[in-house]
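Peer 1: Task: produce atomic coordinates for the following.
(4 chains)
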Amino acid sequence: MKIDVLYFAWVRERIGEPRETVETSAATVMDLVDELKAREPRYELAFSDLKSLRVAVDQELTEFDAPLEGAREVAFFPPMTGG
Amino acid sequence: MKIDVLYFAWVRERIGEPRETVETSAATVMDLVDELKAREPRYELAFSDLKSLRVAVDQELTEFDAPLEGAREVAFFPPMTGG
Amino acid sequence: MRVSVQSEDFDLADVLKGFGKQPNTGATVSFTGLVRDDTGTLDHMEIEHYPGMCDAAIAKIAEEASARWALTDCLVIHRFGKLRSGDQIMMVATAARHRVEAFEAAEFLMDYLKSRAPFWKKEVTRDGADWVAAKDADEDALNRW
Amino acid sequence: MRVSVQSEDFDLADVLKGFGKQPNTGATVSFTGLVRDDTGTLDHMEIEHYPGMCDAAIAKIAEEASARWALTDCLVIHRFGKLRSGDQIMMVATAARHRVEAFEAAEFLMDYLKSRAPFWKKEVTRDGADWVAAKDADEDALNRW
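Peer 2: Numbers count the residues shown, from 1 in each chain, chains lettered A, B, ... in the order given. Got it, this is the predicted structure:
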């Protein structure tokens, strides 16, 4: 399946782009992270500490063990600092 | 000594006037209340339940056992409802 | 710091213009109290006040709040006289470095104004006139400070 | 209820005009967050946001607050893009029957916007650029609701 993957804040800076479309068969967010990390050092670096990352699937905050079935958009970012 | 005595809200309505100057030798607020109550039924009525009354001496909230020495102004009123 | 006890209405917009404009202000909070007509029978509200004591009591409360929460700005306006449903009764505004201080100081000011500023509200309805009774909850609210 | 995510500045005065003008509104609270320059070295702040998710996340939080505190009105504006010291970042406003509801709902909204609305602040100073780190205290603040 094709999924849009979005990056924000320092995750975006480490990856070097704000979004990309990936072809993946990952069952969960964690599987997708592992696939990305295997690609290139910049992904390895961006995803080196998952505790400092948050994830949203189809624009809803979720956990790294969330399933990806039917998902169209996954976003990775650091803890939010709104307000 | 001469003291200005002020009444607010329903205390004022029961007494029938907003302020008066009284000649008194009362040592405390309580003594002054007793003097006033002895005057006329309208004072008796206004001061019948001291728990529902508050007092300020020279524009500072205080208690009924506060001394009156040197005081120029005493005010009686129900609990405040500002804001 | 600005304290005003007045019969005239105030324009929230004008009042807040320039409020808290210090480089170390990160948060401002404003509170406005309005005349509510719960039963639909209110003709007007009459707010009686103790002129000399009002300004002093409010200034004291505002100074205490300013010191305790290191406010960068603080403002209290309270009206007296005849007000109608929907009219503005009073407002407080606080400015501080962070949101928690601005919120706490505004709530502290409101809790004290409710029970310690010499104002008395009378509601005049179709059915008669009644002094608004102080609520135990308002007195209790002071205990948290 | 009104939610707006925008790059343009907002005029607090204009925004609050007509806010909470319902006969059962007894209290309105507004909060404004401003860019602070603590060290005097800030050139600007850059606020990044997740466009699609922002509006939905804020609308959800605002609806939750409106229901929980029976708000008579509720408003959230959050800016993104390049801001300078003293600039307004965002605001919330709440209207309710009583002061406690208006205050609590505004604080709830702020606590959630801080940690659950997809915005990220970067401070660009003379000495470089740094993403603002989320504070444990902000995460902890959610536990009281």
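
Peer 1: Number of residues surrounding residue A:55?
Peer 2: Neighbour count for residue A:55, taken as other C-beta atoms under 10 Å in any protein chain shown: 19. C-betas here are computed from N, CA, C, even on glycine.

Peer 1: ugh, wrong one, residue A:30
Peer 2: A total of 16 residues lie near residue A:30 under the criterion other C-beta under 10 Å.

Peer 1: That one and chain C, how far apart?
Peer 2: Between residue A:30 and chain C the computed distance is 35 Å (C-beta to the nearest C-beta, to the nearest Å).

Peer 1: and what of residue A:74?
Peer 2: Distance, residue A:74 to chain C, by C-beta to the nearest C-beta: 31 Å.

Peer 1: likewise residue A:35?
Peer 2: 40 Å.

Peer 1: residues touching that residue, list them.
Peer 2: A:22, A:24, A:26 (C-beta atoms under 8 Å, 6 or more residues apart in numbering or on different chains).

Peer 1: Let me see the confidence value for the residue sitting furthest away from the middle of chain C.
Peer 2: Within chain C, residue C:127 marks the point farthest from the mean C-alpha position, 28.1 Å out by C-alpha atoms, centre = their mean. On the pLDDT scale, residue C:127 is placed at 90.

Peer 1: my guess is it meets residue C:40, correct?
Peer 2: No: at 11.7 Å, residue C:127 and residue C:40 do not qualify as touching, with contact defined as C-beta atoms under 8 Å.

Peer 1: what sits in contact with each of the two?
Peer 2: Common neighbours of residue C:127 and residue C:40 (criterion: C-beta under 8 Å, 6+ apart): none identified.

Peer 1: Could you pull out the strands in the chain for me?
Peer 2: In the absence of a named chain, chain A is used. Remark: strands assigned in chain A by DSSP state E are A:2-7, A:19-23, A:54-57, A:60-62, A:73-77.

Peer 1: nope, chain C
Peer 2: C:2-6, C:27-34, C:42-49, C:73-79, C:81-83, C:88-96, C:119-125, C:128-131.

Peer 1: what's the third one packed up against?
Peer 2: Contacts defined by 3 or more C-beta pairs under 8 Å, 6 or more residues apart in numbering or on different chains; DSSP states H and E place strand C:42-49 against strand C:81-83, strand C:119-125.

Peer 1: Return the most buried member of those strands.
Peer 2: The highest mean neighbour count among the helices and strands packed on strand C:42-49, using mean count of other C-beta atoms under 10 Å in any protein chain shown, belongs to strand C:119-125: a mean of 20.

Peer 1: any idea of the angle the longest helix anywhere in chain A forms with strand A:19-23?
Peer 2: Scanning chain A for the longest helix, with DSSP state H as the assignment, gives helix A:29-39. Interaxial angle of helix A:29-39 relative to strand A:19-23 (axes from the mean of the first three to the mean of the last three C-alpha atoms, to 10 degrees): 100 degrees.

Peer 1: by how many degrees do helix A:29-39 and strand A:2-7 diverge?
Peer 2: Angle, helix A:29-39 to strand A:2-7, by the same axes, to 10 degrees: 80 degrees.

Peer 1: in helix A:29-39, what's buried?
Peer 2: Along helix A:29-39, these residues count as buried under the neighbour rule (16 or more other C-beta atoms under 10 Å in any protein chain shown): A:29, A:30, A:31, A:32, A:33, A:36, A:37.

Peer 1: And for stretch C:55-72?
Peer 2: C:55, C:57, C:58, C:61, C:62, C:65, C:66, C:69, C:71, C:72.

Peer 1: and that stretch, anywhere near chain B?
Peer 2: Yes: residues of stretch C:55-72 are located near chain B by C-beta under 8 Å from any C-beta of the partner chain, namely C:56, C:57.

Peer 1: chain center to that stretch, what's the gap?
Peer 2: Centre-to-centre, stretch C:55-72 and its host chain are 13 Å apart (C-alpha atoms, centre = their mean, to the nearest Å).

Peer 1: ok, now stretch C:113-132?
Peer 2: Centroid separation between stretch C:113-132 and its chain, computed with C-alpha atoms, centre = their mean, is 15 Å.

Peer 1: CA atoms only for it - export them in CSV, please.
Peer 2: Only the C-alpha atoms of stretch C:113-132 are listed here, as CSV (Å, rounded to 0.1, in the frame of the first residue of the first chain):
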residue,chain,number,x,y,z
LEU,C,113,-13.6,40.7,45.0
LYS,C,114,-16.6,38.4,45.4
SER,C,115,-16.3,38.3,49.2
ARG,C,116,-14.0,41.1,50.3
ALA,C,117,-14.8,44.1,48.2
PRO,C,118,-17.6,46.2,49.6
PHE,C,119,-20.3,45.9,47.0
TRP,C,120,-23.8,44.6,47.4
LYS,C,121,-26.1,43.5,44.6
LYS,C,122,-29.8,43.9,44.6
GLU,C,123,-32.0,42.2,42.0
VAL,C,124,-35.2,44.0,41.1
THR,C,125,-37.6,41.7,39.3
ARG,C,126,-41.2,41.9,38.3
ASP,C,127,-42.0,40.1,41.6
GLY,C,128,-40.0,42.5,43.9
ALA,C,129,-36.5,43.4,45.0
ASP,C,130,-34.0,41.1,46.8
TRP,C,131,-30.5,41.5,48.0
VAL,C,132,-28.3,38.8,46.5
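
Peer 1: Name the surrounding residues that touch it.
Peer 2: With contact meaning C-beta under 8 Å, 6+ apart, stretch C:113-132 is reached by B:8-10, B:56, B:61, B:75, B:77-83, C:39, C:41-50, C:53-54, C:57-58, C:61, C:76, C:78, C:80, C:90, C:92, C:134, C:138-139, C:141-142.

Peer 1: Next to chain D, which bits of chain C? Give me the list.
Peer 2: Within chain C, the positions adjacent to chain D are C:12-14, C:16-17, C:20-21, C:23-38, C:40, C:85-86, C:97, C:99, C:102-103, C:106-107, C:110 by C-beta under 8 Å from any C-beta.
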